[in-house]
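S.K.: quick one, structure for this:
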Amino acid sequence: MIARSYIESNLRQLDKLYNSSGSQKMKLYYSKLAMLELCGWIEETMDDVVIKCANRVLKVQPNKKYIADKVVRPTYGFEYEKHFRRMLVFVVGLMSVEKIEKNVDQVKYARFISALGSLKAARNKEAHTHLKGVTRTVDAPSVTMRNFIHVYEGLVEYQAKLKDLRL
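M.R.: Model (predicted):
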């Protein structure tokens, strides 16, 4: 099961702080923090989905350790193709990933991919800048919460299909 209560709680709290703040700079801080919090959660959750799948389908302990140490640990990021899909292919194979992609709810899949892409672009921009006197915009925590819902639903779909997978 994918943990969601603590990230939802964090995002709701940041949204409350955002809405009650009278300062534009504080709103930017809360927005940026919400987006970075969500991105960290996504990365950790993708890793967890892959590790749990590996622990379930692999029988030999050194292979499980290999996935954890050589596939998951050196993977930094949450892009679908570059990170999540690549790790899944390592564990269950391309043929199985292709089958999963065909069988997941296509609306949830499209929203999942779209939300990951939006968050990736926003995260890269925010991770390489700091707040200074220039007027800028960052998605409000409420927008980040909507992205969270799409990512969460996509990850739940993948986790369910991985559990149903017959290897």
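S.K.: give me the nearest residue to the residue nearest in space to the middle of the chain, chain neighbours excluded.
M.R.: The centroid of the chain falls nearest to Ile42 when counting by Cα atoms, centre = their mean (2.3 Å). Nearest residue to Ile42 in three dimensions, chain neighbours excluded: Phe78, at 4.4 Å (Cβ to Cβ, 6 or more residues apart in numbering). For every residue, glycine as well, the C-beta is placed using N, CA and C.
S.K.: the residue nearest to the centre of the chain reaches Lys120, doesn't it?
M.R.: No: under the criterion of Cβ atoms under 8 Å, Ile42 makes no contact with Lys120, lying 9.7 Å away.
S.K.: what sits against Ser142?
M.R.: Asp15, Tyr18 (Cβ atoms under 8 Å, 6 or more residues apart in numbering).
S.K.: coming back round to it: overlap in contacts, Ile42 and Lys120.
M.R.: Phe78.
S.K.: what residues of the longest helix along the chain count as buried?
M.R.: Identified as the longest helix of the chain according to DSSP state H is helix 24-57. Across helix 24-57, burial judged by 16 or more other Cβ atoms under 10 Å covers 27-39, 41-43, 45-47, 49-51, 53-54, 57.
S.K.: please, where are all the strands along the chain?
M.R.: Assigned by DSSP state E, the chain shows no strands.
S.K.: mind listing the helices for it?
M.R.: In the chain, helices defined by DSSP H lie at 5-20, 24-57, 61-66, 86-92, 94-103, 106-127, 141-164, listed in chain order.
S.K.: could you dump the fourth one to CSV, C-alpha only?
M.R.: This points to helix 86-92. Taking C-alpha atoms only, helix 86-92 is exported to CSV below (Å, rounded to 0.1, in the frame of the first residue of the first chain):
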residue,chain,number,x,y,z
ARG,A,86,13.7,1.9,-16.3
MET,A,87,13.7,0.5,-12.8
LEU,A,88,10.6,-1.6,-13.5
VAL,A,89,12.2,-3.0,-16.7
PHE,A,90,15.1,-4.1,-14.6
VAL,A,91,12.9,-6.0,-12.2
VAL,A,92,10.1,-7.5,-14.3
